[in-house]
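In: One predicted model, sequence on top.
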Amino acid sequence: MDELAKLITTPAWWISTVIIAFLVNIAAAYAKPLIDNLVATWSTKRRERLEEEKKREDAVVLYLIDNPIRLIDVRTDATYTTLRMILSLTLAVLLASFLRFLQKYLQLYYFIDGTVAGIYFVCMVDALRHFRRFRGLRRIIDEYTRSVHTYDNMPVDVLKRIKEEEREAEQKH
């Protein structure tokens, strides 16, 4: 600590600090436009990707409105995806939990560390992939449910029945 206090009081410290700050300022001036362009490009690509996903989901919802029996397939796929995600996360937790146990009895420290870390990483990426898939399926199911249960997108026979029930209720009063 005393050495640091002595170093701070020297003129060389202050001169080098000013020079480094000046260099960082110049580098920041050149780096800022590059960073801004990267963020803008990433944002544009992400927006386009989200719009494409929304179009695909809307197409699936329209297909489900025309073929409601296919909703069973989508829900089954969502359940399967959820189970795969849980399985991947469980395997990752088990690998992380038993890493030290495996090292103790197998005496292959570096091999086990790398192998288990690699498998753990693969399991986590797999779980994330299944989570994203489930999230998309869940949005499709929710959008289908909203579409079917609103008056604007209701099937014609259901709308006729609802209007007839409303007329009968008005006539009774």
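Out: Received it, and whenever you're ready, just let me know what you need.

In: Show me this structure divided up by domain.
Out: Domain ranges of the chain: 1-66, 70-173, per automatic domain parsing.

In: Now render the ones you listed as JSON lines, adding mean pLDDT and mean neighbour count.
Out: The C-beta positions use only the backbone N, C-alpha and C, and glycine is treated the same way. Below are these laid out as JSON lines (pLDDT from 0 to 100; neighbours: other CB atoms under 10 Å):
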{"stretch": "domain 1-66", "mean pLDDT": "88", "mean neighbour count": "11"}
{"stretch": "domain 70-173", "mean pLDDT": "79", "mean neighbour count": "13"}
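
In: Now name the helix or strand holding the nearest residue to R138 once chain neighbours are set aside.
Out: What sits nearest to R138 in space, not counting adjacent residues and going by CB to CB, 6 or more residues apart in numbering, is A78, at 6.3 Å. For A78, the host element (DSSP states H and E) is helix 71-97.

In: How about D126?
Out: Residue-wise, D126 maps onto helix 109-148 under DSSP H and E.

In: how far off helix 71-97 does that helix point, in degrees?
Out: Using axes from the mean of the first three to the mean of the last three CA atoms, to 10 degrees, the direction of helix 109-148 lies 160 degrees away from that of helix 71-97.

In: Report the contact partners of R75.
Out: I141 (CB atoms under 8 Å, 6 or more residues apart in numbering).

In: tell me, what residue is most central in this protein?
Out: R132 (5.4 Å; CA atoms, centre = their mean).

In: so how far is D126 from it?
Out: Per CB to CB, to the nearest Å, R132 is found 11 Å from D126.

In: Ok, P11 next?
Out: As for P11, its distance to D126 is 58 Å (criterion: CB to CB).

In: Same question for L137.
Out: Noted for L137: a distance of 17 Å to D126, by CB to CB.
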